[in-house]
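K.L.:
Below are the sequence and a predicted model; questions follow.
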Amino acid sequence: MNILIIGGNRYFGKRLTARLLKSGHAVTILNRGSSPIPDDLPSDAPHTVTHLLADRNDEAALESALGDRTFDVVVDQVCYTPRQAAIARRVFGPRTGRYVMTSTVEVYEYEDSATPVREEAVDPRTVTVDLDLPWDDGEFLDAHYGEGKRQAEAVFAAEPPFPYTAVRVAHVLGGEDDFTGRVEHYAHRVRAGEPIAVPAVNHPATYVYVKEIAEFLAWAVEAEFTGPVNAHSHGPLTTADICAEIERQVGGRTVLQEVEVGEVSPFSFARSYGMDNSRATALGFSFSHSAQWLAQALSETLGAR
């Protein structure tokens, strides 16, 4: 297949690129050029990566960069707002057979469910889209990350029908190139025995190994289903689970400090919105259990520091 990846040169995007190349697909990456194409892609793949430069927010520039190219599948790794989705839908509607958007568990930011959350809890066909919100403001976008993704999904889900899927990705762990700093946040405090702020009622959450989400996205590229799908490993994790493994690897002492108000640590949650992955499982993807990869994932990230 001929596949375009928008923004696919970082973290699990570069792992997806490597998998697709290994499988024999022709891959084009489109970005602004601020980050280079990974230089550790498989050398024995039948295709090399084509690189296109354009700002995906500039519709005219996007059209110009694409020329008359068409694609079997477009994988959008960096669609954060409904404005970006609207541009993508106009530009790629005539150019692709299927659109795979990387979404997030944070679309469920208003959920607090005693049972794992299924996709229908947020039906993008019922989400109101407001293109006039200040989506170009970085602070606004950071504060409304889940809302931006939810409204972007809604744009793709609107009539007339558009062949898309929104992969709602769980919290990702693993890799020496984890740029979030969340694991190191815990490691620093565990080494020093410093308090780790968590909510008084701290709920477990769903996670996925960085290699597994790349595998899932590669699988989704070759599939035909549409609509939202939750993507996460089996076995929710608590803050204590993650810290216990970090403590085993780096030494020190875990001190969880419950707080009623104020900022809490990453990977600690005052509400329950762990996802249900039964749709993806029924469609044919076999997820691993977090117990199988947690130690390796944390070791990769901590070993790079």
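P.N.:
Looks like it arrived, so ask away. Treat the numbers as computed from the prediction; the structure is a model and nothing was measured.
K.L.:
Count the neighbours of the residue nearest to Glu194 when sequence neighbours are not counted for me.
P.N.:
Distances taken as C-beta to C-beta, 6 or more residues apart in numbering put Val255 closest to Glu194, at 6.8 Å, once the chain neighbours are dropped. All C-beta atoms are positioned from the backbone trio N, CA, C, and that covers glycine. For Val255, the neighbour count with other C-beta atoms under 10 Å is 13.
K.L.:
Could you report the pLDDT at Val255?
P.N.:
pLDDT recorded at Val255 is 96.
K.L.:
Check the gap between it and Thr96 for me.
P.N.:
51 Å (C-beta to C-beta, to the nearest Å).
K.L.:
which residues in this structure form helices?
P.N.:
Ranges of helices in the chain, per DSSP state H, are 12-22, 59-66, 82-92, 138-143, 145-157, 182-192, 210-222, 239-250, 278-283, 290-303.
K.L.:
Next, format those as TSV and append mean pLDDT.
P.N.:
Formatted as TSV, the helices of the chain follow (pLDDT from 0 to 100):
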stretch	mean pLDDT
helix 12-22	92
helix 59-66	97
helix 82-92	98
helix 138-143	96
helix 145-157	98
helix 182-192	95
helix 210-222	97
helix 239-250	96
helix 278-283	98
helix 290-303	96
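K.L.:
Among the ones you listed, which comes closest to Val172?
P.N.:
Closest to Val172 of the helices of the chain is helix 210-222 (C-beta to C-beta; 5.4 Å).
K.L.:
still on that earlier bit, for the residue nearest to Glu194, which residues count as its bridge partners?
P.N.:
Pro195 (DSSP bridges).
K.L.:
ok, it - contacts?
P.N.:
Residues in contact with Val255 (C-beta atoms under 8 Å, 6 or more residues apart in numbering) are 189, 193-196.
K.L.:
7 Å instead, please
P.N.:
193-196 (C-beta atoms under 7 Å, 6 or more residues apart in numbering).
K.L.:
before we move on, what about Arg32?
P.N.:
Neighbours of Arg32 in contact, by C-beta under 7 Å, 6+ apart: 53, 55.
K.L.:
just to revisit the earlier point, please report how far the residue nearest to Glu194 lies from Val183.
P.N.:
Val255 is 17 Å from Val183, by C-beta to C-beta.
K.L.:
Same check on Asn57?
P.N.:
Between Asn57 and Val183 the computed distance is 31 Å (C-beta to C-beta).
K.L.:
and the two? which has more neighbours close in?
P.N.:
Val183 (23 against 14).
K.L.:
Flag the shaky bits of the stretch 1-150 of the chain, pLDDT-wise.
P.N.:
9 (pLDDT under 70).
K.L.:
in it, which spans are strands?
P.N.:
In the stretch 1-150 of the chain, the strands defined using DSSP state E, counting those that start in this stretch lie at 2-6, 26-31, 50-53, 71-76, 96-104.
K.L.:
Neighbouring strands of the third one in the sheet, and parallel or not?
P.N.:
It refers to strand 50-53. For strand 50-53, the pairing partners within the sheet under DSSP bridges are strand 26-31 (parallel).
K.L.:
Contacts for the partner strand, please.
P.N.:
Residues from elsewhere that reach strand 26-31, judged by C-beta under 7 Å, 6+ apart: 2-9, 17, 20-21, 37, 47, 49-52, 54, 65.
K.L.:
Just the endpoints, please. Distance across stretch 107-116?
P.N.:
14 Å (C-alpha to C-alpha, to the nearest Å).
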